[in-house]
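Novice: Below is the sequence, then the predicted model.
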Amino acid sequence: MTLDITGRVLRPGDDGFDDACTGYQLALPHRPDLVVAAAGTADVVAAVRHAAEHGLPVAVQATGHGRAAPIEGGVLIHTGAMDEVQVDPATRTAWVGAGTRWEKVVAAAARHGLAPPSGSSPHVGAVGYTLGGGLGLLARRRGYAADHVREFELVTADARVHRLTPGAELFRALLGGGGNFGVVTGMRIGLLPITRVYGGGLYFPASARVLAAWRDWTAGVPDELTSTVGMVPMPDLPMVPEPLRGRHVVHIRVVFEGDAETGERLVAPLRAAGPVLLDTLGVLPYTETGTISGDPPFAHAYTGRSAMLADLGPGDVDTVYELAGPDAAVPCVVQVRHLGGALARPSAAVIGHRDARYALHVLSALDDADPGKIAEAHRGLIEALHPMGTFLNFHYGPATDEQVRAAFAPDVYADLARLKARHDPDTRFHAGFTIPPAV
Ligand SMILES: Cc1cc2nc3c(=O)[nH]c(=O)nc-3n(C[C@H](O)[C@H](O)[C@H](O)COP(=O)(O)OP(=O)(O)OC[C@H]3O[C@@H](n4cnc5c(N)ncnc54)[C@H](O)[C@@H]3O)c2cc1C
């Protein structure tokens, strides 16, 4: 079986095959019959046509940060080499290839005094992130990344190439509908006139009191300020700053689109919330915002779940501390992001739960505990918080139909299922978070 492509075709045993099937997430690697390491749109078309002719399933992977479920057999289209970025300063947009990581877009945009709506980790793929909605560093002021997309290029299951712009049904479906409708080969996304922010992190010894102080503080901050609270068992490793090494910490991450003086005034109550172990707040170029969250840069095996929350009451804060803190049944990293502001405004995107005030996700490294115990602990936490639904970008690992459905408003989900029936009736695309075609 030969494929006429410019990129590479890899089969089990070939150099690079295993890396293409794992990437950042080492758990549940893809197990395709062949990997097409695509060099461009023509390769993607050839791979999808090949899959259609042979009745094979197709999965897409850029970096592996968000692989939900592995494909068994079939074709894995690896987009890592399609990592072009072209910034157009006149329209304040960038054309971003399917496999481009945010760090490359951030660097290219910064040369023109601009910044993309990127998230906590610069290593995440811009397209995969945006297809899942994309909850970024400045989200409360600027909305979801999906709200900034101007154009997609998409290869559908019939191997046709579509240029999609606002107004097209499929365009809208890609603004949060994930990889259900085809392979996005590139997107044009709006850039923001931002070069610097006031931000960084405050670390405290883990305590429910600091979590509660953050929650209370979020009630009074302007939309220009986006923040997250994390509770993290820090490893006892030399790469971890000494005051944090081996400690269970609460980590408050702040990004403020405003001047340092106002930023300092806004964070003053947080600094008083407890004994500060480390304070990294200050003015920093947007190109350094990837340091704020401190997401692990190395590949590992992890699993996690998400919850969109209508609110986070005092009892909920205690629940988070009890079920995901130092005394949790299994080691957990938990994050709660403050929503609202521009995130709450209606837009064309299909992302659900715009009225959620907080998004939580809990994750655990799979080598830290028995997977069954981890799943039970995560389920216990999520159920105790009575979520409105899910946010699939923060769901790490296989999802049930119910969890996928819970990411969308019911009428939106029904529209997406109808579009799935029209454009991918045989569920050729193994999207991980699969929306079944409407019958
Ligand atoms: C450390 C870390 C930090 C993160 N921070 C944030 C954050 O701040 N905000 C946020 O919203 N999310 C965040 N995420 C979640 C991340 O956005 C999702 O996991 C996203 O799916 C990753 O995309 P990827 O291309 O890097 O990953 P991949 O695993 O390569 O892709 C994930 C899925 O996206 C789909 N996909 C990817 N590319 C294409 C394509 N070209 N065409 C069609 N489908 C495609 C496929 O279904 C694929 O299975 C984070 C994840 C991690 C692990």
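Specialist: Perfect, I can see it now.
Novice: What sits closest to the spatially most central residue of the chain if chain neighbours are left out?
Specialist: The residue lying closest to the centre of the chain (CA atoms, centre = their mean) is Asn393, at 4.1 Å. Once flanking residues are discounted, Asn393 sits nearest to Gly132: 3.7 Å by CB to CB, 6 or more residues apart in numbering. In this view, the C-beta of every residue, glycine as well, is placed from N, C-alpha and C.
Novice: same deal with Glu151?
Specialist: Closest residue in space to Glu151, ignoring its immediate chain neighbours: Arg188 at 4.1 Å, by CB to CB, 6+ apart.
Novice: Name the helix or strand for that neighbour, please.
Specialist: Taking DSSP states H and E as the criterion, the element that holds Arg188 is strand 183-190.
Novice: now for that strand, which elements pack on it?
Specialist: Contact partners of strand 183-190 among helices and strands, from 3 or more CB pairs under 8 Å, 6 or more residues apart in numbering; DSSP states H and E: helix 41-54, strand 93-97, helix 126-131, strand 149-155.
Novice: Show me what secondary structure element comes after the shortest one.
Specialist: Okay, so that is strand 93-97. Moving toward the C-terminus from strand 93-97, the next helix or strand (DSSP H and E) is helix 102-110.
Novice: again, but for the longest one
Specialist: Past helix 41-54, heading to the C-terminal end, the next element that is a helix or strand (DSSP H and E) is strand 58-61.
Novice: what's the answer for the last one, then?
Specialist: Secondary structure here is assigned by DSSP H and E; on that basis, the next helix or strand after strand 149-155 toward the C-terminus is strand 161-164.
Novice: ok, Gly136 to Gly246 distance?
Specialist: In this structure, Gly136 and Gly246 are separated by 31 Å, where distance is defined by CB to CB, to the nearest Å.
Novice: Val229 too?
Specialist: For Val229, the distance to Gly246 (CB to CB) stands at 21 Å.
Novice: Quick check on those two: which one has the bigger neighbour count.
Specialist: Val229 (28 against 11; other CB atoms under 10 Å).
Novice: Doesn't the more buried one belong to a strand?
Specialist: Yes: inclusion of Val229 in a strand is indicated when DSSP: H, G, I helix; E, B strand; the rest coil is applied.
Novice: hang on, the earlier thing: the strand holding Arg188 pairs with which strands?
Specialist: For strand 183-190, the pairing partners within the sheet under DSSP bridges are strand 93-97 (antiparallel), strand 149-155 (antiparallel).
Novice: And those strands: which comes nearest Leu277?
Specialist: Put simply, out of these the one that sits nearest Leu277 is strand 93-97, at 37.3 Å, with distance taken as CB to CB.
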